[in-house]
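Engineer: Below are the sequence and a predicted model for it; my questions follow.
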Amino acid sequence: MKKALITGGNKGIGFETARQLLENGYYVFIGSRSITKGKAAVAELNEAGFDEVEAIQLDVTDTASIEAARNHIGNKTEVLDVLVNNAGINGGFPHAALEADAEAYQKVMDTNLYGVVRVTQAFIGLLRMSKQPRIVNVSSSGCSLTLHSDPSWKYYSHKAALYPASKAALNMYTINLAYELRDTPFKVNAVCPGFVATDFNGHRGTGTVQEGGMRITKYVMIGEDGPTGKFISEEYNPETGETPW
């Protein structure tokens, strides 16, 4: 049975991704900053008939929390097949480039970029033991530098200084990570779930968590011929998913 860790897996797209992976026979560790909320998510999945799931206290901004999660999972399994770096914060909206201070940028980066770096580096040893390791960094088409500089793009006027900057940085990390792992079985991609209605955006999204979860799950489950080092948004590009950086 393949094993997956999803950060921020207790709600929203993370929770739906967990449910879909469970449907596909994975054992899922739900990383949650609040263990109480993590256990509540597991209870909900148990009620739906899924037993191969466990809540792990995991705060991606806290090195001690990450180390404890790594030790706990490492004591249960020698192999981790999937890491979904899903945990993220939006930094609040709106935030103008001339108004958001450096501390606001630091807070968002600490979760959306540095948190991914911390977790990936902590779990890379377990991932290397998998025959088909997969890393999905949950990104957003709204961080595309190309699209945001194109006045014809339908979301051109939807500017926010903090969140897109953090995800653009995450995309660069994804490129470098995929490159370093290029001669291995790893597949590493940045995947946008789409503009999905969740607590994250005040339920203003036009898509469903089921759609978002399917997009993440698809790139968790890609085969050996699947892409790596790509920026994928099937909402932006329904044909191939490939999105300009």
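Structural biologist: All right, it came through fine.

Engineer: quick one: the strands in the protein?
Structural biologist: All strands of the chain, identified by DSSP state E, fall at 3-7, 27-32, 53-57, 82-85, 134-138, 187-192, 231-233.

Engineer: so how far is the longest helix along the chain from its chain's centroid?
Structural biologist: Under DSSP state H, the helix in the chain containing the largest number of residues is helix 162-180. The offset between the C-alpha centroid of helix 162-180 and the centroid of the whole chain comes to 12 Å, using C-alpha atoms, centre = their mean, to the nearest Å.

Engineer: now Gly229: how far from Val188?
Structural biologist: Between Gly229 and Val188 the computed distance is 6 Å (C-beta to C-beta, to the nearest Å). Yep, even glycine has a C-beta here, placed from its N, CA and C like the rest.

Engineer: shared neighbours of the two, which are they?
Structural biologist: By the contact definition C-beta atoms under 8 Å, 6 or more residues apart in numbering, Gly229 and Val188 are jointly contacted by Thr174, Ala178.

Engineer: picking that back up, make JSON lines out of the strands of the chain and add mean neighbour count.
Structural biologist: JSON lines is the format used below for the strands of the chain (neighbours: other C-beta atoms under 10 Å):
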{"stretch": "strand 3-7", "mean neighbour count": "26"}
{"stretch": "strand 27-32", "mean neighbour count": "26"}
{"stretch": "strand 53-57", "mean neighbour count": "20"}
{"stretch": "strand 82-85", "mean neighbour count": "28"}
{"stretch": "strand 134-138", "mean neighbour count": "26"}
{"stretch": "strand 187-192", "mean neighbour count": "26"}
{"stretch": "strand 231-233", "mean neighbour count": "25"}
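
Engineer: So which of those is nearest Glu224?
Structural biologist: For Glu224, the closest of the strands of the chain is strand 187-192, at 8.3 Å, according to C-beta to C-beta.

Engineer: re the thing from before, need the strands of the chain in a markdown table (columns: distance to Ile216 and mean pLDDT).
Structural biologist: Supplementary listing: the strands of the chain in a markdown table, determined by distance: least, C-beta to C-beta, whole Å; pLDDT from 0 to 100:
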| stretch | distance to Ile216 | mean pLDDT |
| --- | --- | --- |
| strand 3-7 | 9 | 98 |
| strand 27-32 | 12 | 98 |
| strand 53-57 | 16 | 98 |
| strand 82-85 | 6 | 98 |
| strand 134-138 | 6 | 98 |
| strand 187-192 | 6 | 97 |
| strand 231-233 | 10 | 96 |
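
Engineer: can you put these in JSON lines and add distance to Ile222?
Structural biologist: What follows is the strands of the chain, written out as JSON lines (distance: least, C-beta to C-beta, whole Å):
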{"stretch": "strand 3-7", "distance to Ile222": "14"}
{"stretch": "strand 27-32", "distance to Ile222": "18"}
{"stretch": "strand 53-57", "distance to Ile222": "22"}
{"stretch": "strand 82-85", "distance to Ile222": "11"}
{"stretch": "strand 134-138", "distance to Ile222": "7"}
{"stretch": "strand 187-192", "distance to Ile222": "6"}
{"stretch": "strand 231-233", "distance to Ile222": "10"}
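
Engineer: closest to Val117 out of those?
Structural biologist: Closest to Val117 of those, according to C-beta to C-beta: strand 82-85, at 9.3 Å.

Engineer: Since that was my last question, I'll sign off now.
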